[in-house]
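Q: Please work out how this folds:
(2 chains)
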Amino acid sequence: MIYSALADRIRKNKPVALLTVIDGPNTGATLLTSPNIENIGTLGNQELDRVASRDALGELEAGRTSVRNYGPSGQVTPEDLQDTPVVRVFVESFSPPPQMIIFGAVDFTAALARVAKVLGYYVVVCDAREVFATARRFPMADEVLVTWPTPVLTERGPNLGARDAICILTHDPKFDVPAIQGALATSVGYIGVMGSRKTHATRLERLAEVGITKSQDLARLMSPIGLDIGSRTPEETAISICAEIIGKRVGRNVPSLANSEGPIHQ
Amino acid sequence: MREILGDIDRWRAQHKRIAVARVVDIEGSGPRDPGAAMAVNEDGEVCGSVSGGCVEGAVVAEALEILKNNSPGRLVKFGYSDDEAFAVGLTCGGTVHLFIQPLSW
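A: Here you go, the predicted structure:
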């Protein structure tokens, strides 16, 4: 019952937390909790269920998995915990996967979508040209949208956060300028824009024409996209983009092309 | 857990008894984060992983023991310099805490 519900919610990308007593009374007891759905199972005490599932929803919101200590009836303060056995509860959060929205249905897109799937992303490919944006060309993508960037980012932008990524692989001004504008209006954690250093320079001029000049905005754009590892093929470029995303997310000082000079390819 | 649901579903359809091992905590350097999971069925078949391959063999033995004894589950730890732990350890020098239990829920 608990397993089936857990598997179902994970597969449907619905947030769910699994609580398990790993030490103390009722070791092995499990409880499943999701926002706005009744709990399934019990940790062996109603008050403990109430307190632990409330905490678990907070952990779920933050995407954290951790061990928490309680008294047998959900006591949490050090005073209340004195002279009681400790119940250690493993709270495992299953958050929906991070999203990667790729604008531009080109060869690089297929390679990037493949690598992003390996990393666990929910991948959306978007291009306004219906002959290119087809599910047949991008069978690995979770969604292929034939539309312009603005409606996609207006609709989905509010749901994008630090774990998510937007990769703009078109070199077409009428597509990449609105994509960059839309991306900057979100709190997405990564914005990468493909193009040579020359393309990047002319793109900056076009962005200035639509009023994007603030240094804190321009600093968010990883352009040229990817790490300076001399990648050539679409697959190598996809690896360099994903490595840059990982490095940015964890705050490492990685050698981004956006911060280097010289030729992109060897 | 996500990546082992398919195998677990298949084993459940075959009415196999299953134990699940999950990383609940790591100290120092550990190859897999809390939540990494593997499952073992009563025939000793395995899916998923909880380390870089360093401790999986010992986890299988422990999981089969838990299934055999109808244990509600137990915490086990594997560490490089821990005398109480099993003979296997993590080459990276960290300690990994696992909770292994029958999938009876």
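
Q: Just the helices from chain B, written as ranges.
A: B:5-13, B:56-69 (DSSP state H).

Q: Mind listing what's buried along the first one?
A: Neighbour-count burial for helix B:5-13, counted by 16 or more other CB atoms under 10 Å in any protein chain shown, picks out B:L5, B:D7, B:I8, B:W11, B:R12. Just so you know, the C-beta spots here come from the backbone N, C-alpha and C atoms, and that holds for glycine as well.

Q: Next: the last one.
A: With burial defined by 16+ other CB under 10 Å, the residues of helix B:56-69 counted as buried are B:E56, B:A58, B:V59, B:V60, B:E62, B:A63, B:L64, B:I66, B:L67.

Q: related to what we said a few turns ago, among the buried residues of helix B:5-13, which are within reach of chain A?
A: Among the buried residues of helix B:5-13, the residues lying close to chain A (CB under 8 Å from any CB of the partner chain) are B:L5, B:I8, B:R12.

Q: Tell me the one of these nearest chain A?
A: Nearest to chain A among these: B:L5, at 4.9 Å, using CB to the nearest CB.

Q: Backbone dihedrals for the closest residue in space to that closest one that isn't next to it in sequence, both of them.
A: Ranked by CB to CB, 6 or more residues apart in numbering or on different chains and with sequence neighbours excluded, the top spatial neighbour of B:L5 is A:A7, at 4.9 Å. Note on A:A7: backbone dihedrals following degrees, to the nearest 10 are phi -60, psi -40.

Q: What residue in chain B comes nearest to chain A?
A: B:P72 (3.4 Å).

Q: any chance of the ones next to chain A among the buried residues of helix B:5-13 in CSV, with pLDDT and distance to A:P25 too?
A: Rendered in CSV, the data for those read as follows (pLDDT from 0 to 100; distance: CB to CB, whole Å):
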residue, pLDDT, distance to A:P25
B:L5, 97, 30
B:I8, 97, 27
B:R12, 97, 28
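
Q: picking up where we left off before, give the contact list for the residue nearest to B:L5.
A: Neighbouring residues of A:A7 by CB atoms under 8 Å, 6 or more residues apart in numbering or on different chains: B:L5, B:I8, B:D9.

Q: Now those residues in CSV, please, with extra columns for distance to A:E236.
A: Compiled in CSV, the contacts of A:A7 are given as follows (distance: CB to CB, whole Å):
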residue, distance to A:E236
B:L5, 32
B:I8, 36
B:D9, 36
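
Q: hang on, A:P139 in a strand?
A: No. A:P139 sits outside any strand when classified using DSSP: H, G, I helix; E, B strand; the rest coil, being coil.

Q: Model confidence at it, what's the number?
A: Among the per-residue scores, A:P139 holds a pLDDT of 96.

Q: ok, it - how many residues close by?
A: Neighbouring residues of A:P139 were enumerated by other CB atoms under 10 Å in any protein chain shown; the total is 11.

Q: What of A:K12?
A: With other CB under 10 Å as criterion, A:K12 counts 9.

Q: The one 5 residues further on too?
A: Neighbouring residues of A:A17 were enumerated by other CB under 10 Å; the total is 28.

Q: residues from chain A in reach of chain B?
A: Residues of chain A lying near chain B (CB under 8 Å from any CB): A:1-3, A:6-7, A:10-11, A:18, A:20, A:22-23, A:27-28, A:30, A:41, A:65-67, A:90, A:92-94.

Q: Buried subset of those as a ChimeraX selection?
A: Buried subset of the residues of chain A next to chain B, written as a ChimeraX selection, criterion 16+ other CB under 10 Å:
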select /A:2,3,6,7,10,18,20,22,23,27,28,30,41,65,66,67,90,92,93,94
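
Q: Inside strands: which ones of the residues of chain A next to chain B?
A: A:L18, A:T20, A:I22, A:D23, A:T30, A:G41, A:S66, A:V67, A:F90, A:E92, A:S93, A:F94 (DSSP state E).

Q: By average pLDDT, which secondary structure element in chain A comes out worst?
A: For chain A, the helix or strand with the lowest mean confidence is helix A:78-81, at a mean of 82 (criterion: mean pLDDT, DSSP states H and E).

Q: Against B:V46, how distant is the residue positioned nearest the centre of chain B?
A: By CA atoms, centre = their mean, chain B has its centre lying nearest to B:A21, at 3.0 Å. Look at B:A21 and B:V46: by CB to CB, to the nearest Å, they are 10 Å apart.

Q: Walk me through the domains of chain A.
A: The record's domain parsing of chain A by automatic domain parsing lists A:2-94, A:99-259.

Q: now these as CSV including distance to B:L98?
A: Shown next, in CSV, are the domains of chain A (distance: least, CB to CB, whole Å):
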stretch, distance to B:L98
domain A:2-94, 9
domain A:99-259, 22
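
Q: Next to chain A, which bits of chain B? Give me the list.
A: Residues of chain B lying near chain A (CB under 8 Å from any CB): B:1-2, B:5, B:8-9, B:12, B:22, B:24-25, B:33-35, B:72-75, B:99, B:101-105.

Q: Quick one: the strands in chain B, in order.
A: Under DSSP E, chain B gives strands at B:18-27, B:37-41, B:46-48, B:74-79, B:95-102.
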